[in-house]
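Peer 1: Fold the following, please.
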Amino acid sequence: MIPMRFYYPSPGFSIYWESGNGKELAKRLIGTFPEKEEIEQFIPRLFETDSLADQVIREVYQKHGFKQADQWINQLLDGEKIADVPDSLNQLVAEITMKPAWLNEELLEQGAMLCRRTGSIGLMVLRNYCLMGGYESSAINKPLVFTGALKKGAAKRLTETTEFWVRIIGENAIANPHIGLKECLKIRLMHAYARVSILEEGKWREADWGAPLNQWDMMATNLGFSIIFLDGIRKLGMQATEQEIQGLFHFWKYVGSLLGTPASYFPETESEAIRAIYAWTITQAPADDDTISLALALSLEPIDGPFPSKKWQRKLVYKTHLGYNWFFLGEASCKTMQLPKTSWRIYPSIQRFFVSLSQPVVLRSKNSYNRSIRRNRKTQKKIVNAYLESHNRKSITDK
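Peer 2: From the prediction side, this is the model:
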């Protein structure tokens, strides 16, 4: 069955690849883009979900409550054996704590180091390229709409996404049971809870949209943190080493598997990632009213939120983010999402000039490279912690 959401070729994303900001990314592809017949082989993944996590929601959270479920999870992550815990939860924790044979911990840390080295640049890329750009897909937005994302406001998703990313990229954090593994398990179960709730409501149209939070969409979301993130930091003048690039894809392959998507679905090289994100984007239906509403909510988040504290500062941040949106996404996408044009779109180009000048110095020696990571990680945490504290959330300490 081919769902209505499968729309080839996508009108919006065709522009992105042919004449928009994706044109430069396409130049890095080794070989050719997949044709329609090859892409159609991925359609079954639109109906594939994380059945084990869904089972945990039904057998643990719905029957025993959130407090008891979270207590059991903490105990199991500590290695405790607990009587009467549903088998599904034991199986899930065992799966997430078992290191796969393909895992290379040195590469894993290389990928995390690149993320830390990006500092505030990485935060700008995540918000204004990866997150905002994803809203152009009307299909992937549907679970957000069904779970009330518009009513809850953009700040909630932005806060959760940023907090998750900053926590798991900490030094040796991702494989730590009480940092990376716990964060991934929390997000995995949050996705499952949303999926189970949506389906139980009975209004989801699977024939049109595929399954909510399906495995192809989960893979595409993951690629936002790897290939789109890599493209974004390059657009702002950063240079990534070959080992960092290899590490970045290895890192997000591991994270993706922890979040419940088969590891075999994830690319291991930049060229594979470009083909994978092309296959997904080129089949997206046109943007709709939900696209515009979500994009507007995210763009207005600085104006509506408590951070920064002063009104003039919030207006400045709003205009700055709009400038980055136009820089990363291009005119066609921004017009589709009805993001106002701003003279601040020139600022990222100025930033790119100065960042590109600094890169040879950063990569000159191991000492300068490590100094750059420490300095930028400190900046990263300072910005994010100020934002988290304004929203009454705990600070990130790297401990």
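Peer 1: Low-confidence ranges, the protein, go.
Peer 2: The model of the chain has pLDDT under 70 over residues 149-151, 153, 399.
Peer 1: tell me, what residue is most central in it?
Peer 2: Among the residues of the chain, the one closest to the centroid is Phe225, at 4.7 Å (CA atoms, centre = their mean).
Peer 1: Quick check: that residue vs Gln351, distance?
Peer 2: Phe225 sits 21 Å away from Gln351, taking CB to CB, to the nearest Å as the criterion. Bear in mind the C-beta positions are built from the backbone N, C-alpha and C, glycine included.
Peer 1: quick revisit: show me the contacts for the residue nearest to the centre of the chain.
Peer 2: Applying CB atoms under 8 Å, 6 or more residues apart in numbering to Phe225 gives the contacts Leu126, Cys130, Trp165, Trp252, Val255.
Peer 1: Now, those residues that are in helices?
Peer 2: Counting by DSSP state H, the members of those that fall within helices are Trp165, Trp252, Val255.
Peer 1: Among those residues, which one has the most neighbours?
Peer 2: Most neighbours among the ones in helices among the contacts of Phe225, by other CB atoms under 10 Å: Val255, with 26 neighbours.
Peer 1: Report whether the expected contact of that residue with Cys184 is present.
Peer 2: Yes: between Val255 and Cys184 a contact is recorded at 6.4 Å, counting by CB atoms under 8 Å.
Peer 1: Now do the shared contacts for these two.
Peer 2: With CB under 8 Å, 6+ apart, Val255 and Cys184 have common neighbours Ile168, Ile174.
Peer 1: So which residues make contact with stretch 171-178?
Peer 2: The contact list for stretch 171-178 (CB under 8 Å, 6+ apart) reads 77-78, 97, 99, 105, 108-109, 112, 116, 167-168, 179-181, 184, 251, 254-255, 398.
Peer 1: I'd like to know which of the residues you listed are buried.
Peer 2: The neighbour-count test (16 or more other CB atoms under 10 Å) marks 77, 108-109, 112, 116, 167-168, 179-181, 184, 251, 254-255 as buried among the contacts of stretch 171-178.
Peer 1: Just the buried positions in the one helix or strand Leu52 maps to, please.
Peer 2: Take DSSP states H and E as the rule and Leu52 turns out to sit in helix 51-56. For helix 51-56, burial by neighbour count (16+ other CB under 10 Å) applies to Ala53, Asp54, Gln55, Val56.
Peer 1: in what helix or strand does the nearest residue to the third one once chain neighbours are set aside lie?
Peer 2: Of all residues beyond its chain neighbours, the one nearest Gln55 is Ser88 (4.3 Å), with distances taken as CB to CB, 6 or more residues apart in numbering. Assigning secondary structure by DSSP H and E places Ser88 in helix 87-97.
Peer 1: which residues does the residue lying closest to Pro11 once chain neighbours are set aside contact?
Peer 2: For Pro11, ignoring the flanking residues on the chain, the nearest one in space by CB to CB, 6+ apart is Pro286 at 5.4 Å. For Pro286, the contacting residues are Tyr7, Ser10, Pro11, Gly12, Ser138, by CB under 8 Å, 6+ apart.
Peer 1: now Pro286: how far from Ala211?
Peer 2: Remark: distance between Pro286 and Ala211 (CB to CB) = 21 Å.
Peer 1: Same question for Asn74.
Peer 2: Asn74 is 30 Å from Ala211, by CB to CB.
Peer 1: Between these two, which has more neighbouring residues?
Peer 2: Neighbour comparison, Asn74 and Ala211: the larger count goes to Ala211, with 21 against 13 (by other CB under 10 Å).
Peer 1: The more buried one belongs to a helix, doesn't it?
Peer 2: No: going by DSSP: H, G, I helix; E, B strand; the rest coil, the assignment for Ala211 is coil, not a helix.
Peer 1: sorry, back to before: right, and the helix or strand after the helix holding Ser88?
Peer 2: Proceeding N to C from helix 87-97, the next assigned helix or strand is helix 105-117, under DSSP H and E.
Peer 1: Which residues does that following helix contact?
Peer 2: Residues contacting helix 105-117 (CB under 8 Å, 6+ apart): 122, 165, 168-175, 229, 238, 240, 243-252, 254, 362, 369, 372-373, 376-377, 380.
Peer 1: can you give me the offset of it from its chain's centre?
Peer 2: Per CA atoms, centre = their mean, to the nearest Å, the displacement of helix 105-117 from the mean C-alpha position of its chain is 16 Å.
Peer 1: With stretch 311-326 instead?
Peer 2: 22 Å.
Peer 1: Output it as PDB - backbone C-alpha positions only.
Peer 2: Only the C-alpha atoms of stretch 311-326 are listed here, as PDB (Å, rounded to 0.1, in the frame of the first residue of the first chain):
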ATOM      1  CA  LYS A 311      11.800  42.800  25.500                       C
ATOM      2  CA  TRP A 312      14.300  44.400  23.200                       C
ATOM      3  CA  GLN A 313      16.600  41.400  23.600                       C
ATOM      4  CA  ARG A 314      13.700  39.000  22.600                       C
ATOM      5  CA  LYS A 315      13.000  41.100  19.500                       C
ATOM      6  CA  LEU A 316      16.700  40.900  18.600                       C
ATOM      7  CA  VAL A 317      16.900  37.200  19.100                       C
ATOM      8  CA  TYR A 318      13.700  36.800  17.000                       C
ATOM      9  CA  LYS A 319      15.200  38.700  14.100                       C
ATOM     10  CA  THR A 320      18.600  36.800  14.400                       C
ATOM     11  CA  HIS A 321      16.900  33.400  14.200                       C
ATOM     12  CA  LEU A 322      14.900  34.500  11.200                       C
ATOM     13  CA  GLY A 323      18.200  35.600   9.500                       C
ATOM     14  CA  TYR A 324      19.500  32.100  10.100                       C
ATOM     15  CA  ASN A 325      16.300  30.500   8.800                       C
ATOM     16  CA  TRP A 326      16.700  32.400   5.500                       C
END
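Peer 1: in that stretch, what's buried?
Peer 2: Residues of stretch 311-326 classed as buried by neighbour count (16+ other CB under 10 Å): Arg314, Val317, Tyr318, Lys319, Thr320, His321, Leu322, Gly323, Tyr324, Asn325, Trp326.
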